Every structure is written in C-alpha cells, then in structure tokens.
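Q: no FASTA, just this:
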C-alpha cells in the first residue's frame with residue numbers, strides 16, 4: 001500500500017517490490033522500481049533524507065512482510081500453544097513427544113519435563129499406550145525416582161508440573177513393531193493387567209528381540225507386583241521358558257496359539273542392573289534417559305551450569321559441560337564452514353557457535369561423542385563463542401558413546417556422507 005500510495009505504483013508493481021527484496025532478484029529490476037518510487041515520492045513533496053528513509057521502510061518490510069491472514073493464523077496458533085504450555089505442561093510435552101514435531105529430538109523434551117518438575121515414567125506394558133500419556137502423580141505404579149537435576153532444586157521450574165506425570169509411550173521402544181504394540185494394548189484393555197511374564201507371553205504373540213527390549217528398558221518392571229523380579233531375573237526366566245519347550249517347537253513360547261505356555265520355572269535371584277546399566281539400556285532402546293541424565297555420570301571439575309549464562313556479562317570466558325542435542329552446519333560467504341551446536345546440561349539448553357577457525361579444530365568432535373566440554377566467551381545473545389571443545393569422559397570406555405543427532409532424530413551419520421554434501425569441509 002505504501003508503494004502504491006507514495007510511489008504511484010500499481011498493485012502488481014508493489015508486489016514486485018516485495019518479491020524482488022525478499023528473493024534477491026535481478027538488481028536492475030530493483031533499481032528500476034526504486035527509481036520509479038523515488039521519482040513519484042519526490043513529486044509528492046518528499047526530499048532528501050525523508051525520501052531515502054521511506055524507500056528503506058518499504059524494503060525492510062518487504063523482507064519479512066506477509067499477508068494478514070497468515071499473521072493472524074500464526075498468532076492464534078501461538079496463543080493456543082502458549083496457553084497449553086502454561087496451564088497443561090505435562091499434556092503439552094506429551095503431545096510434543098508423540099508428534100515428533102519439535103525442533104529437537106524427543107530426549108530434549110523429556111529432560112525439559114524433568115526440569116519443569118513433571119515426573120517422567122518408563123514405558124509399561126500395563127500402563128503405556130502407543131503414544132506418550134499423562135497420569136496423576138499420586139499413588140501411581142511404576143513411578144521413577146527423580147534425577148539428580150530434579151532433586152537439586154527445592155521447587156519445580158513450572159508451578160503446574162508437579163501434580164502430573166508423563167508416561168513414555170511404547171512407540172519409543174526401538175524395534176517394537178506397531179502390530180505388537182496394538183496387541184499389547186488391546187489385550188490389556190480386554191483382559192486386564194499382565195500378572196507375570198508367562199501371562200504376558202501367553203496373551204501377546206511377540207518376537208524374542210522385542211520382549212528382550214521391553215525387559216531391558218523396564219517395560220515389565222511392574223508385571224506381577226507380588227513377585228516382582230529384577231530385569232536380569234526376567235531375562236533368565238525368558239531363557240528358561242524357551243529352553244523348557246520341545247525342540248521341535250522353539251517358537252511355541254512366543255506364539256501361544258501354537259502351544260500353551262510352559263509352567264513357570266523357578267527364577268534364581270539375580271542382582272538388578274546398576275544405575276549406569278539402566279541408563280545405558282534406556283539410551284540404547286528408548287533414546288531417552290529416565291533414570292537420570294547422561295551427565296550425571298560425568299565428574300564435574302568446576303564447570304559452570306547453563307543457567308549461569310542468564311547473568312553472565314558479554315565477553316566473559318566460561319566453561320560448560322554439555323550433552324549434544326543437535327547441530328547445524330552452515331557455509332560462509334567465503335566458502336568456509338561453521339557450526340551451531342546445541343547442548344544441554346541438567347539445568348537447561350545452551351548454544352555454542354564454532355566459527356571457521358574453531359570448526360576446523362573441533363568440528364569433528366560432534367561425530368564422535370555427545371559428552372562435550374565447551375570453553376568460550378559469552379555473546380550478547382547468550383551464545384558461547386567457542387574457543388575450545390573437548391570430549392568429557394568418565395572412564396576409558398564411555399557408557400553413552402552414541403552418535404549425535406542432527407536436527408530431530410538421533411542417527412548415525414557417516415563423515416564421508418557429510419563431506420560429499422559439503423566438499424569444502426576439509
């Protein structure tokens with residue numbers, strides 16, 4: 001409208017101004033439109049500095065402006081999301097984890113739930129559904145102990161979070177097929193809770209690798225509360241049940257329609273997994289840690305917490321210990337590489353920027369480990385201008401030596417593939 005009213009342009013030409021500014025089209029076309037606008041504006045009494053400032057206003061708005069209907073729709077959506085986040089935080093995060101629509105991997109939202117005071121619970125064949133769900137926190141079965149980060153603060157970061165718990169959905173169990181999940185949920189709804197491992201195997205046809213994953217990640221911890229067994233004991237019982245079947249029917253235990261389950265063998269006492277083993281299996285099978293934070297296993301040596309960035313003066317040199325959440329590689333105008341790395345500790349997220357010189361030295365570490373110690377200077381926006389990055393190890397062989405996530409998913413990415421996409425990375 002400004003281009004039309006002041007620059008004597010048609011609506012079609014005014015739209016060309018918007019597109020030429022937003023998409024960096026032909027420079028001659030931009031100069032033609034600019035000249036026409038300035039000439040018409042001068043005829044309407046604008047001159048000198050006012051003339052140039054008016055054109056700059058048109059250009060700046062064209063760079064980010066969009067239609068009112070689009071803006072109104074996003075404003076309405078943002079209001080609804082903000083309301084849900086403020087008044088129903090557990091349900092909001094459960095929906096975020098289930099949809100996979102967030103910018104970060106689901107593990108980042110699980111850790112955010114812990115910081116808000118929401119109790120996060122392991123998947124359970126007796127309580128979980130396909131997707132993430134919420135439960136009342138009081139008198140619920142299978143509640144997990146608060147991690148060190150949750151117990152450190154006297155009050156949760158979100159006032160409405162402490163009354164609810166979030167249950168991880170069976171969709172999060174790696175290798176568990178959709179049809180198996182549907183059978184687990186359907187049998188539980190029809191015939192009630194599973195009373196023992198034998199009862200579960202009799203009611204749900206399931207592959208051996210699937211049931212082993214369920215046991216190792218804790219999904220059968222609350223099966224048979226009167227005779228609750230440790231996870232190693234459940235695995236031993238699974239093997240004993242398999243060995244007790246006739247050799248001609250090795251699949252009878254896993255496919256109960258073919259033969260009835262054998263009588264329950266005596267399960268020898270077995271020590272439960274250590275906290276480190278539990279977290280390792282959770283990270284491997286669920287890609288999230290419920291029993292703690294991966295950095296709980298790393299000895300701190302005077303590093304700052306991420307919340308120190310809120311009050312740190314720009315230019316201050318700081319060192320933080322972080323767990324890699326995601327990274328974003330960008331190229332500079334002079335065909336060099338830099339990277340934005342998002343990390344978290346038990347208190348929040350922070351971002352480190354690796355400019356070309358730092359990227360050449362330390363950029364490869366994001367492909368090797370997820371536990372990183374970052375040293376740099378605080379930028380005005382709260383980012384860290386990375387000067388040094390190193391691997392933070394707790395032992396010669398790390399428990400959580402998983403590959404990092406790029407954008408939303410945690411997946412192994414070969415460095416050769418990366419170099420093929422960015423040939424100037426070396």
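A: It's in. All of these numbers come straight from a predicted model, not from anything done at the bench. Numbers count the residues shown, from 1 in each chain.

Q: Low-confidence regions, this protein specifically.
A: 1-7, 9, 14-27, 29, 59-67, 138-162, 225-227, 244-270, 394-426 (pLDDT under 70).

Q: show me where it has strands.
A: 119-121, 133-136, 164-167, 317-331, 337-345, 348-354, 371-378, 384-391, 405-406, 409-410 (DSSP state E).

Q: what's the angle between the longest one and strand 348-354?
A: Angle between the axes of strand 317-331 and strand 348-354 is 60 degrees (criterion: axes from the mean of the first three to the mean of the last three Cα atoms, to 10 degrees).

Q: list the helices and strands strand 317-331 packs on?
A: Packing partners of strand 317-331 (3 or more Cβ pairs under 8 Å, 6 or more residues apart in numbering; DSSP states H and E): helix 106-115, strand 337-345, strand 348-354, strand 371-378, strand 384-391, strand 405-406. All C-beta spots, glycine's among them, are computed from the backbone N, C-alpha and C.

Q: Show me what counts as buried in the second one.
A: The one in question is strand 337-345. Burial within strand 337-345, assessed by neighbour count using 16 or more other Cβ atoms under 10 Å, is assigned to 337, 338, 339, 341, 342, 343, 344, 345.

Q: Which one of those residues is nearest to residue 329?
A: residue 339 (5.2 Å; Cβ to Cβ).

Q: The closest one bridge partners, please.
A: Per DSSP bridges, the residues bridged to residue 339 are residue 329, residue 354.

Q: my guess is it meets residue 326, correct?
A: No. Residue 339 is beyond contact range of residue 326, at 10.8 Å (criterion: Cβ atoms under 8 Å).

Q: and residue 70, how many neighbours does it have?
A: By other Cβ atoms under 10 Å, 10 other residues sit near residue 70.

Q: let me redo that: residue 299
A: Residue 299: 8 neighbours (other Cβ under 10 Å).

Q: where does it fall, phi/psi-wise?
A: Dihedral pair for residue 299: phi -70, psi 130, per degrees, to the nearest 10.

Q: quick one: it from residue 111, how far?
A: With distances taken as Cβ to Cβ, to the nearest Å, residue 299 is found 20 Å from residue 111.

Q: quick revisit: okay if I get the helices and strands packed on strand 317-331 as TSV plus distance to residue 129?
A: Converted to TSV, the helices and strands packed on strand 317-331 look like this (distance: least, Cβ to Cβ, whole Å):
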stretch	distance to residue 129
helix 106-115	16
strand 337-345	27
strand 348-354	29
strand 371-378	33
strand 384-391	39
strand 405-406	25
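
Q: Quick one: closest of these to residue 168.
A: Per Cβ to Cβ, nearest to residue 168 of the helices and strands packed on strand 317-331: helix 106-115, 7.7 Å.

Q: ranges for the helices of the stretch 101-250 of the chain?
A: Using DSSP state H, counting those that start in this stretch, the helices found in the stretch 101-250 of the chain span residues 106-115, 148-152, 178-191, 197-203, 208-217, 231-243.

Q: got the angle between the third one and helix 208-217?
A: Compare the direction of helix 178-191 with that of helix 208-217 by the same axes, to 10 degrees and you get 70 degrees.

Q: which other residues reach helix 178-191?
A: 125-126, 129-130, 170-171, 194, 203-207, 210 (Cβ atoms under 8 Å, 6 or more residues apart in numbering).

Q: Buried members of those residues into ChimeraX, please.
A: Applying 16+ other Cβ under 10 Å to the contacts of helix 178-191 leaves a buried subset, and the ChimeraX line that selects it is:
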select :125,126,129,170,171,194,203,204,205,206,210
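
Q: any chance of the contacts of helix 178-191 in JSON lines, plus distance to residue 115?
A: Converted to JSON lines, the contacts of helix 178-191 look like this (distance: Cβ to Cβ, whole Å):
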{"residue": "125", "distance to residue 115": "28"}
{"residue": "126", "distance to residue 115": "28"}
{"residue": "129", "distance to residue 115": "25"}
{"residue": "130", "distance to residue 115": "26"}
{"residue": "170", "distance to residue 115": "25"}
{"residue": "171", "distance to residue 115": "23"}
{"residue": "194", "distance to residue 115": "33"}
{"residue": "203", "distance to residue 115": "38"}
{"residue": "204", "distance to residue 115": "35"}
{"residue": "205", "distance to residue 115": "40"}
{"residue": "206", "distance to residue 115": "35"}
{"residue": "207", "distance to residue 115": "36"}
{"residue": "210", "distance to residue 115": "32"}
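
Q: Relative to residue 317, which of the contacts of helix 178-191 is nearest.
A: residue 171 (43.3 Å).

Q: tell me the contacts of the closest one?
A: Taking Cβ under 8 Å, 6+ apart as the test, what residue 171 contacts is 98, 130, 131, 181.

Q: Only the buried subset of these, as a PyMOL command please.
A: Buried residues among the contacts of residue 171 (16+ other Cβ under 10 Å), as a PyMOL selection:
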select buried, resi 98+131+181
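
Q: for the helices of the stretch 101-250 of the chain, which one ends up most surrounded?
A: Most buried of these by mean neighbour count (mean count of other Cβ atoms under 10 Å) is helix 106-115; its value is a mean of 23.

Q: from the chain's centre, how far out does that one sit?
A: 7 Å (Cα atoms, centre = their mean, to the nearest Å).

Q: Next, the angle from that helix to strand 337-345.
A: Going by the same axes, to 10 degrees, helix 106-115 makes 40 degrees with strand 337-345.

Q: Tell me which other helices or strands helix 106-115 touches.
A: helix 89-99, strand 119-121, helix 148-152, strand 317-331.

Q: Figure out which of those is closest to residue 233.
A: The nearest among those, by Cβ to Cβ, is strand 119-121 at 21.4 Å.

Q: for the closest one, which positions count as buried?
A: Quick answer for strand 119-121 (16+ other Cβ under 10 Å): 119, 120, 121.

Q: and it, what other elements does it pack with?
A: Looks like strand 119-121 contacts helix 106-115, strand 164-167 (3+ Cβ pairs under 8 Å, 6+ apart).

Q: Kindly state which of the ones you listed is positioned closest to residue 364.
A: Of the helices and strands packed on strand 119-121, nearest to residue 364 by Cβ to Cβ is helix 106-115, at 22.6 Å.
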